[in-house]
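Novice: Build me a model:
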Amino acid sequence: MKWAEISIQTTHEATEAIADIFHELGSSGVVIEDPELVNSYRRSGTWDYCDIPEETDVEVVTVKAYLLVDEQLEEKMRIFEERVNELINHNLDKGQGNIKYQEINEEDWASSWKDYFHPIRVGEHVVIKPSWEEYEQVAGDLIIELDPGMAFGTGTHHTTAMCIRSLEEVIRPGSVVFDIGTGSGVLAIAAAKLGAQSVQAVDLDQVAVRVAKENVVINEVEQVVNVAAGDLLTGIHGQADVIIANIIADVIIKLVPDIPERLKDNGVLIASGIIVERLSDVTAAILNNNLTIDKVIEEGGWVAILVRKGGG
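Specialist: Now for the predicted structure:
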């Protein structure tokens, strides 16, 4: 199977809009190469090893997505360029706007992650370790062995890291957890290792479902975590103590009306994948559904919101 890797050099302000365009054209995820973000990780002191040099030009962000090479690709490329050029109508600067294209094999795509993925401590206890690397465990560590493959979720992005730290706060022994848009399964596995009794994890993308299932087995939490294909809460039954939705703002807004019925009293929604500029839109949807905002966490231009049912 061949894929088209499409990349564009743009600005910080246009990054999410371009990611949304790729999503609407059928990409199940995007790669955002943000030099400002890389520099912040370098300075955080949380990487055990890093040979990536300090970036001096932090204004240009590269967004990449992968589309299947088929008879529809040419039309999708035309639509993509057209939509990017229309961003100015929404007061968004596309920046350089240079679009590049190359064909790659599925196997090449899967292995390219490994050059930039090393053990990282994400929370007080949770350490994410690539399955192909060594790590010397210390007392109290909860190690997640992870091979993200082509699914989103290495744990190194601000949104995933904020979700994991939030899970360390809210998971209790016996918690029932729903993980919506599980990607690599990293958050579902973290919930299980933190003591959850059961975790139902869903993703619309079949590749993500396969990768998440593999990671669940690698981490020996298959008795706790069940991974299935599904669209948001469709196919998930019962009520949860904790619902995780590390997706994007528009999808979270779509999900929120179903949350009161699917959370237990005093249950918590961890909503992330939200850029700072969309915080007000998401909080309005939350408050309109009689939910209480416990905490808002901001990091690197991204936001995570801890929302409680019945906490007012």
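Novice: Name whatever forms a beta bridge with A201.
Specialist: Beta-bridge partners of A201, counted by DSSP bridges, are D179, V227.
Novice: Please look at it and G183 and confirm they touch.
Specialist: No. Judged on CB atoms under 8 Å, A201 makes no contact with G183 at a distance of 9.2 Å. Quick note: C-beta positions are derived from backbone N, CA and C, even for glycine.
Novice: What about V242, how many residues nearby?
Specialist: 25 (other CB atoms under 10 Å).
Novice: Report the separation between it and K309.
Specialist: Separation of V242 from K309 (CB to CB, to the nearest Å): 11 Å.
Novice: Repeat that for E124.
Specialist: Taking CB to CB, one finds E124 at 26 Å from K309.
Novice: same deal with A192?
Specialist: 22 Å.
Novice: Comparing these two, which shows the higher neighbour count?
Specialist: A192 (28 against 22).
Novice: who's in contact with that one?
Specialist: V199, N219, V221, V224, V225 (CB atoms under 8 Å, 6 or more residues apart in numbering).
Novice: if you set the cut-off to 10 Å instead, what comes out?
Specialist: 142, 144, 171, 175, 177, 179, 185, 198-199, 201, 216, 219-225 (CB atoms under 10 Å, 6 or more residues apart in numbering).
Novice: Mind checking which of those residues are in helices?
Specialist: V216 (DSSP state H).
Novice: Could you pick out the buried ones from the contacts of A192?
Specialist: When the contacts of A192 are checked for burial by 16 or more other CB atoms under 10 Å, the buried set is 142, 144, 171, 175, 177, 179, 185, 198-199, 201, 216, 219, 221, 224-225.
Novice: which residues are in contact with both of A201 and G183?
Specialist: With CB under 10 Å, 6+ apart as the test, A201 and G183 both reach A208, V209, A212.
Novice: What strand or helix carries the first one?
Specialist: Translated: A208. helix 206-218 (DSSP states H and E).
Novice: Show the average pLDDT along that helix.
Specialist: Averaged over helix 206-218, pLDDT sits at 90.
Novice: Which secondary structure elements does that helix sit against?
Specialist: helix 106-112, strand 142-146, helix 186-193, strand 198-203, strand 225-229 (3 or more CB pairs under 10 Å, 6 or more residues apart in numbering; DSSP states H and E).
Novice: and these, which is most packed in?
Specialist: Comparing these by mean neighbour count (mean count of other CB atoms under 10 Å), helix 186-193 ranks first with a mean of 29.
Novice: What's the mean pLDDT across that helix?
Specialist: Rounded mean pLDDT across helix 186-193 is 96.
Novice: Can you show me the CA trace of it as PDB?
Specialist: This file holds the C-alpha atoms of helix 186-193, laid out as PDB (Å, rounded to 0.1, in the frame of the first residue of the first chain):
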ATOM      1  CA  VAL A 186      -1.600   5.300  25.500                       C
ATOM      2  CA  LEU A 187      -4.200   7.000  27.600                       C
ATOM      3  CA  ALA A 188      -6.300   3.800  28.000                       C
ATOM      4  CA  ILE A 189      -3.100   2.000  29.100                       C
ATOM      5  CA  ALA A 190      -2.200   4.700  31.500                       C
ATOM      6  CA  ALA A 191      -5.600   4.600  33.100                       C
ATOM      7  CA  ALA A 192      -5.300   0.800  33.500                       C
ATOM      8  CA  LYS A 193      -1.800   1.100  35.100                       C
END
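Novice: Give me the angle between it and helix 206-218.
Specialist: Angle, helix 186-193 to helix 206-218, by axes from the mean of the first three to the mean of the last three CA atoms, to 10 degrees: 30 degrees.
Novice: thinking again about what came up before, in the helix holding A208, what's buried?
Specialist: By neighbour count on 16+ other CB under 10 Å, the buried set for helix 206-218 is V207, A208, V209, R210, V211, A212, K213, E214, N215, V216, I218.
Novice: E36: which of those residues is nearest?
Specialist: The nearest member of the buried residues of helix 206-218 to E36, counting by CB to CB, is A208 at 27.0 Å.
Novice: what are the ranges of the helices in the chain?
Specialist: Taking DSSP H as the criterion, the chain carries its helices at 15-24, 35-44, 73-85, 106-112, 158-170, 186-193, 206-218, 249-255, 259-262, 279-288.
Novice: Pull out the buried residues from the fifth one.
Specialist: Along helix 158-170, these residues count as buried under the neighbour rule (16+ other CB under 10 Å): H158, T159, T160, A161, M162, C163, I164, R165, S166, L167, E168, V170.
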